[in-house]
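>>> please find the sequence and the predicted model below.
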Amino acid sequence: MQTEDFSIDEIHSELRQRAGDCGAIVSFVGLVREFDEDASIQSMTLEHYPGMTEKALADIADKASQRWSLGGISIIHRVGTLAAGDQIVVVATASAHRRDAFEAAEFIMDYLKTDAPFWKKERTSQGERWVEQRHSDLSSTERWHK
Amino acid sequence: MQTEDFSIDEIHSELRQRAGDCGAIVSFVGLVREFDEDASIQSMTLEHYPGMTEKALADIADKASQRWSLGGISIIHRVGTLAAGDQIVVVATASAHRRDAFEAAEFIMDYLKTDAPFWKKERTSQGERWVEQRHSDLSSTERWHK
Amino acid sequence: MSDQVSVLYFASLREQLGCDREDLQLTDELSTLEDVQRHLAERQGSWQVVFGGSANILSAVNQQMARADTAIKAGDEVAFFPPVTGG
Amino acid sequence: MSDQVSVLYFASLREQLGCDREDLQLTDELSTLEDVQRHLAERQGSWQVVFGGSANILSAVNQQMARADTAIKAGDEVAFFPPVTGG
């Protein structure tokens, strides 16, 4: 968790040093959209649950490490107020096998969306509103249960 | 195709500008491994088929664009001689939906591995050798045929 | 240690209730998350609306997601919040 | 335009054959990729080994992957190479 922006270059370099001999790095970056349901977004504030959020992310990373053969995982999620186009989150995974890196990154993002205590509030042209969880996010996580 | 290294930061920035209002960017980076089947790799030379390689990559990107809703795709593949740990390839996809970005990036990498005319020659502690295609690469591409 | 639990509220719940945390005295009738939720629903105004209604509320005990039948004991940290929307 | 096709060889094939490209005169017996491959296998030494053996050789016509029964015509660019290993 941090309020500052992150550099995807630095995350890659750090992961490459830490991960040892991995041939594949997959990264996901989530950005603040400019429009949501036809309202233009002026800014977005991210609230989290200090303490629990860290534990939830560590727990998700552990689950991924048990399921796939990974050399390393990086997760950075910003909190505080962000503008449209800003980076919100990065998840990066390193592995000897590209399929492992891809699946683990997607798994981590899916669980982050349903299990990590973050809440978004948008400031739009039509006022402020809390973002609602989408049903598709729940079903994305469910598909990993098998 | 280029001999120079690439910056993942620049690829992200360029894609964010070009892709419009996309909330998700997925990138894959392939690196030269330090070991392959117990031989330590001193360097790797990448040969390609000028003309056909460009067409093959454009064709794969087109296929991905038809299959998923994407705001943009970037593919850079290096040729020439690289050292262990060097970046070989980056594939980045931007989309409004993270699942589309993930699947398209993996699809492009799978097809690149079986359909784009590149060949790797390793210089190892045990001499030079052409890398052989793995059967798993063929089956990775086949799973997209359904 | 007293017979209390801390209760935390986040995001839209925090705003609706006008409260981000409070200490709650445990009693014999307050031994599970469900009990706490029923107790809070008995309060007036927005408390009744939030905890007595059909809204989907998630809960955690000691910073782990927890189901309604989870037992609570003195010193626990209990939290209520809406479905999460990070990432 | 003459009745020729260019034939290109890549990677391990290029090294084994000691040849990266040549021009081939088309004849009535040389009208598909398969014909060209059979013609090359009739040559001595490494040509026979490479094209007459069981090695998995991929081929392209005018820079598109092509199957053995693909027809070729004067001016085409034909290429033979091993399975690709980029990425």
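Alright, I've got the coordinates. Residues are numbered from 1 along each chain as shown, chains lettered A, B, ... in the order given.

>>> just the element for A:Glu54, please.
In the assignment (DSSP states H and E), A:Glu54 maps to helix A:52-67.

>>> for the record, mean pLDDT for the longest helix seen in chain A?
The single longest helix within chain A, with elements called by DSSP state H, is helix A:98-115. For helix A:98-115, mean pLDDT rounds to 97.

>>> report the inter-axis angle for that helix versus helix B:98-115.
Orientation check (axes from the mean of the first three to the mean of the last three C-alpha atoms, to 10 degrees): helix A:98-115 against helix B:98-115 gives 180 degrees.

>>> quick check: closest non-adjacent residue to the residue of chain C found nearest chain A.
In chain C, the residue that lies nearest chain A is C:Gly86 (2.5 Å; C-beta to the nearest C-beta). No exception for glycine: its C-beta is placed from N, CA and C like everyone else's. Nearest non-adjacent residue to C:Gly86, counting by C-beta to C-beta, 6 or more residues apart in numbering or on different chains: A:Phe118, 2.5 Å away.

>>> and what of C:Ala60?
Counting by C-beta to C-beta, 6+ apart, the residue nearest C:Ala60 is C:Ala79, at 4.4 Å.

>>> contacting residues around the residue of chain A positioned farthest from its centre?
Computed with C-alpha atoms, centre = their mean, the maximum C-alpha offset from the centroid of chain A is found at A:Gln126, amounting to 27.0 Å. Applying C-beta atoms under 8 Å, 6 or more residues apart in numbering or on different chains, we find A:Gln126 in contact with A:Ala39.

>>> quick one: it from A:Asp38, how far?
9 Å (C-beta to C-beta, to the nearest Å).

>>> show me where chain C has its strands.
Ranges of strands in chain C, per DSSP state E, are C:4-9, C:21-25, C:58-61, C:64-65, C:77-81.

>>> before we move on, what about chain A?
According to DSSP E, the strands that chain A contains are A:24-31, A:35-36, A:39-48, A:72-77, A:80-83, A:87-95, A:118-124, A:127-130.

>>> what's the closest of the ones you listed to C:Leu58?
strand A:118-124 (10.7 Å; C-beta to C-beta).

>>> name the helices or strands packed onto that closest one?
On a contact count with 3 or more C-beta pairs under 8 Å, 6 or more residues apart in numbering or on different chains; DSSP states H and E, strand A:118-124 meets strand A:39-48, strand A:127-130, helix C:11-17.

>>> could I get the average pLDDT for the first one?
Model confidence over strand A:39-48 averages 94 on the pLDDT scale.

>>> likewise for the last one?
The pLDDT scores in helix C:11-17 average 97.

>>> next, the residues that contact the helix ranked longest in chain C from outside, please.
Counting residues, the longest helix found in chain C (DSSP H) is helix C:33-41. For helix C:33-41, contacts defined as C-beta under 8 Å, 6+ apart pick out C:5, C:7, C:24, C:29-30, C:47-48, C:50-52, C:57, C:59, C:61, C:66-70, C:72, C:78, C:80.

>>> now the buried members of those residues.
Buried members of the contacts of helix C:33-41, counted by 16 or more other C-beta atoms under 10 Å in any protein chain shown: C:5, C:7, C:24, C:30, C:47, C:50-51, C:57, C:59, C:61, C:66, C:70, C:72, C:78, C:80.

>>> from the residues you listed, pick the one nearest B:Asp21.
Nearest member of those to B:Asp21, counting by C-beta to C-beta, is C:Ile57, at 32.0 Å.

>>> dump the residue contacts of that closest one.
With C-beta under 8 Å, 6+ apart, C:Ile57 has these contacts: C:Leu13, C:Gln37, C:Val50, C:Phe51, C:Phe80, C:Phe81, C:Pro82.

>>> farthest-separated two in those?
C:Gln37 and C:Pro82 (14.0 Å).

>>> roughly how far apart are the closest residue to chain D within chain A and C:Gln4?
Nearest residue of chain A to chain D (C-beta to the nearest C-beta) works out as A:Arg98 at 8.0 Å. The spacing between A:Arg98 and C:Gln4, counted by C-beta to C-beta, is 52 Å.

>>> quick check on those two: which one has the bigger neighbour count.
For A:Arg98 and C:Gln4, the more surrounded residue by other C-beta atoms under 10 Å in any protein chain shown is A:Arg98, and the numbers stand at 24 against 14.

>>> mind listing what the residue lying closest to that one once chain neighbours are set aside touches?
What sits nearest to A:Arg98 in space, not counting adjacent residues and going by C-beta to C-beta, 6+ apart, is A:Ala24, at 4.1 Å. Listed by C-beta under 8 Å, 6+ apart, the contact set of A:Ala24 reads A:Ala94, A:Ser95, A:Ala96, A:His97, A:Arg98, A:Asp100, A:Ala101, B:Phe28, B:Val29, B:Gly30, B:Leu31.

>>> touching, the fifth one and A:Ile25? I think so.
Think A:Arg98. No - using C-beta atoms under 8 Å, A:Arg98 makes no contact with A:Ile25, being 9.2 Å away.

>>> which neighbours do those two share?
Residues touching both A:Arg98 and A:Ile25 (C-beta under 8 Å, 6+ apart): B:Phe28.

>>> direction included, what does the helix-or-strand element of chain A with minimal mean pLDDT pair against?
Every helix and strand of chain A was ranked by mean pLDDT, DSSP states H and E. The lowest is strand A:35-36, at a mean of 82. If you go by DSSP bridges, strand A:35-36 pairs up with strand A:39-48 (antiparallel).

>>> got a list of contacts for the strand it pairs with?
Under C-beta under 8 Å, 6+ apart, the answer for strand A:39-48 is A:1, A:32-35, A:77-84, A:86, A:88, A:117-126, C:10-11, C:86.

>>> just the buried ones from the residues you listed?
Buried among those by 16+ other C-beta under 10 Å: A:32-33, A:77-79, A:82, A:84, A:88, A:117-124, C:10-11, C:86.

>>> is it true that A:Leu15 touches A:Ile76?
No - using C-beta under 8 Å as the test, A:Leu15 is too far from A:Ile76 to be in contact (11.4 Å).

>>> joint contacts of those two?
Joint contacts of A:Leu15 and A:Ile76 (C-beta under 8 Å, 6+ apart) do not exist.

>>> is the residue of chain A found nearest chain C in a bridge, and if so with what?
Residue nearest to chain C within chain A (C-beta to the nearest C-beta): A:Phe118, separated by 2.5 Å. Beta-bridge pairing of A:Phe118 under DSSP bridges involves A:His48.

>>> contacts only, for it.
Going by C-beta under 8 Å, 6+ apart, the list of residues near A:Phe118 reads A:Leu46, A:Glu47, A:His48, A:Thr53, A:His77, A:Val79, C:Val84, C:Thr85, C:Gly86, C:Gly87.

>>> what's the spacing between it and chain B?
To chain B, A:Phe118 is 15 Å away according to C-beta to the nearest C-beta, to the nearest Å.

>>> coming back round to it: quick one: distance of the longest helix of chain C to the chain centre.
The chain centre lies 7 Å from the centre of helix C:33-41; the measure is C-alpha atoms, centre = their mean, to the nearest Å.
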